[in-house]
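J.: I would like to see how this sequence folds:
(3 chains)
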Amino acid sequence: MQDRIIMHIDVNSAFLSWQAVYNLQRGHSLDLREIPSAVGGNQATRHGIILARSIPAKNHGVKTGEPVWEAKTKCPGLVLVPPDRHLYMKCSSALMDILREYSPRVQQYSIDEAFLDYTGMEKRFGPPLVLAGRLKDRVREELGFTVNIGISCNKLLAKMASDFKKPDRVHTLFPGEIKDKMWPLPVENLFMVGKRTAKKLRSMGILTIGDIASADPDLLKYKLKSHGLLIYDYARGIENSAVFPGYYMPMKGMGNSSTIPFDVENTRTARLILLSLSETVAMRLRYSRSCCSVIAVSIKYSDFRHCSHQQKLLTPVNCTMDIYRTAARLFDEAWDGSPVRHMGVRASGLDRDNHIQCSVFDHPRYAGNLQLDKAIDRIRNAYGIKSVVRACFINSGICASLGGMGSENWPVMSSTL
DNA sequence: TCTGGGGTCCTAGGACCC
DNA sequence: TCTGGGGTCCTAGGACCC
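T.: Just a heads-up that it's a prediction; the model follows:
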């Protein structure tokens, strides 16, 4: 088999860069990328975490995922901008459009990352390293933001390579370069080695990726189960998954969750939030012509304890009220009465909705409810999500459709390659 | 002083069936 | 009275990714 050529394209500080470019295009003189700055959520609504930061902010120790207040203490002059998902979607698809000009095999891996299978394309576009350089320059000139590109023979190594020095760089990490470029790095730099695994590895005296590669695989398996063997292979550069165009990867589930600006302490409020979440989940199901046979609710208490409760249904559903009623019951069964900070509703066990089997126990108004849902979907599609709102939300202080919509255009995200 | 939201996959334990 | 396995399904929780 011919060796593959895989590229991984990664936008540098994506959310922040995109906002910076947008601001410059609107006539701002300040480039957010050149000062300590970050995209951060709203602390007043308890969404205050750092989503992306500039390189100067990074140099002040600001980390993505950390609370905004913590970032501010590390970096008092930090300039904060709010997130803008709509802008990110536009920038993301503009990038993907360019990438698809160079190969029919482009897998969008997240909003700001993609794999491009360049195998066999050299004849048209030249050697990989040359093309990658041209590609990154073109993105910078046409779209205004920079990317890193990693090149290798599989997705794992390409991804590891794009994570080397930033921004606006092309790196290779072919098998012959693993020893010099990857093995000296600390274990947590390896894809799929997170905080918990890194801690376990360190307690075993395994400090670098090279240490993983030369460890005893039986010992790794004993300590880390199958995950131990996975990272053993990854540390040696072994990985062979295909570059899937996005639509070959069906969604396994869809869910919405939200941190509520206040603590929920009574059933009535909890019900409203569950209805709101159920509404968005069900709309997404219907939009993608799916139904689900498993419903789960998740709860995070104000002290950050969390739990989840799920149930498999006898018949698949995608009607808002069916999902809501199940979610409400699951919540009642799981809730211990403590103040609740965050709630989620998730649908899984997805299937096509073209042949829903009706159980004799089904609610007689099922067909009517679904027709109503579909009619409301059409109105909301044409006039916006807020054009039809359930009366119970009016003056409730609770958003009638919590959670993100439009995610059917969103890439399928996974922690696996 | 206050810690998001969207996913996938794996494991362990219990129920249940043969 | 006291004792099997093996297989599948379901659920809860935890790990990882961006």
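
J.: Pull the contacting residues for residue A:44.
T.: Under the criterion of CB atoms under 8 Å, 6 or more residues apart in numbering, the contact list for residue A:44 reads residue A:261. Heads up, the C-betas are built off the backbone N, CA and C, glycines and all.

J.: so it, which of the three states?
T.: coil (DSSP: H, G, I helix; E, B strand; the rest coil).

J.: roughly how far apart are it and residue A:165?
T.: 38 Å (CB to CB, to the nearest Å).

J.: same check, this time on residue A:398
T.: 46 Å.

J.: Compare the two (neighbour count), which wins?
T.: residue A:398 (18 against 8; other CB atoms under 10 Å).

J.: Remind me which helix or strand that one belongs to.
T.: Under DSSP states H and E, no helix or strand contains residue A:398.

J.: and it, what is it in contact with?
T.: Contacts of residue A:398 (CB under 8 Å, 6+ apart): A:260, A:269, A:272, A:273, A:276.

J.: Return the residues of the stretch 151-300 of chain A in contact with DNA strand B.
T.: A:225-227, A:251-259, A:284 (CB under 7 Å from any atom of the strand).

J.: swap the cut-off to 10 Å and go again
T.: Residues of the stretch 151-300 of chain A found near DNA strand B (CB under 10 Å from any atom of the strand) are A:221, A:224-230, A:249-261, A:277, A:280-281, A:284-285, A:288, A:296, A:298, A:300.

J.: I'd like to know which of the residues you listed are part of strands.
T.: Among those, the residues falling in strands (DSSP state E) are A:253, A:254, A:255, A:256, A:257, A:258, A:259, A:260, A:261, A:296, A:298, A:300.

J.: so the fifth one bridges to which residues?
T.: I take that to be residue A:257. Residue A:257 forms beta bridges with residue A:344, as assigned by DSSP bridges.

J.: That one contacts residue A:344, correct?
T.: Yes. Using CB atoms under 8 Å, residue A:257 makes contact with residue A:344 at a distance of 2.9 Å.

J.: Now the common contact residues for these two.
T.: A:277, A:298.

J.: So for those two, which residue has more residues nearby?
T.: Higher neighbour count among residue A:257 and residue A:344: residue A:344, with 23 against 18, using other CB under 10 Å.

J.: Secondary structure element holding residue A:346?
T.: strand A:340-352.

J.: Mind giving me the packing neighbours of the helix or strand following that strand?
T.: Using DSSP H and E, the helix or strand that follows strand A:340-352 in sequence is helix A:366-383. Contacting helix A:366-383 under the criterion 3 or more CB pairs under 8 Å, 6 or more residues apart in numbering; DSSP states H and E are the following elements: helix A:267-287, helix A:320-334.

J.: Quick one: list the elements packing against the longest one.
T.: Same thing as helix A:267-287. Helix A:267-287 packs on strand A:253-264, strand A:290-301, helix A:320-334, strand A:340-352, helix A:366-383, going by 3+ CB pairs under 8 Å, 6+ apart.

J.: Quickly check: the second one near DNA strand C or not.
T.: Yes. Judged by CB under 10 Å from any atom of the strand, strand A:290-301 and DNA strand C are in contact via A:293, A:294, A:295, A:296, A:297, A:298, A:299.

J.: how about the helix or strand hosting residue A:134: buried residues?
T.: Element membership for residue A:134 (DSSP H and E) is helix A:128-143. Buried residues in helix A:128-143, defined by neighbour count with 16 or more other CB atoms under 10 Å: A:128, A:131, A:132, A:135, A:136, A:139, A:143.

J.: Same check on stretch A:386-394?
T.: By 16+ other CB under 10 Å, the buried positions in stretch A:386-394 come out as residue A:393.
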